[in-house]
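> Could you work out the structure for the sequence below:
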Amino acid sequence: MSSLAFLAPFLGMIVKMEDLLPVITTAVIFVAIGLIVFAIAFIIVVYVSPFSVKKEIEEDQNTALAIIIGSLIIGIAIIIASAING
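Just a heads-up that it's a prediction; the model follows:
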């Protein structure tokens, strides 16, 4: 029996701690894969752009570019989340 099993009634858990280990493992793996894919996609966008994204957003205060990059980040995150969910 797990050393944390005595906490289950207090935490409202109906799943044994031993059964959570495979779920937590797969969640961590999917998070790592998702972050790697996200980082690669963002690096590609930064390298493909004909100007410095950092300079445009930070120094020139280009709000339109910041909104476009933010939308791109949200779009990539949605694609990764839907790929993980199946």
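> after whichever strand or helix holds Val28 comes which helix or strand?
Per DSSP states H and E: Val28 is located in helix 17-48. Sequence-wise, the next helix or strand downstream of helix 17-48 (DSSP H and E) is helix 53-54.
> List of residues touching that next one?
Residues from elsewhere that reach helix 53-54 (C-beta atoms under 8 Å, 6 or more residues apart in numbering): Val45, Val46, Leu65, Ile69. All C-beta spots, glycine's among them, are computed from the backbone N, C-alpha and C.
> Now the third one: closest residue in space, sequence neighbours ignored.
It stands for Leu65. What sits nearest to Leu65 in space, not counting adjacent residues and going by C-beta to C-beta, 6 or more residues apart in numbering, is Glu56, at 5.1 Å.
> what about the one you found, neighbour count?
A count of nearby residues for Glu56, using other C-beta atoms under 10 Å, gives 16.
> Name the SS class of it, please.
When classified by DSSP: H, G, I helix; E, B strand; the rest coil, Glu56 comes out as helix.
> I'd guessed it sits against Ala64; true?
No: in this structure Glu56 lies outside contact range of Ala64 using C-beta atoms under 8 Å: 9.4 Å.
> which regions of the protein lie under the pLDDT threshold?
1-15, 86 (pLDDT under 70).
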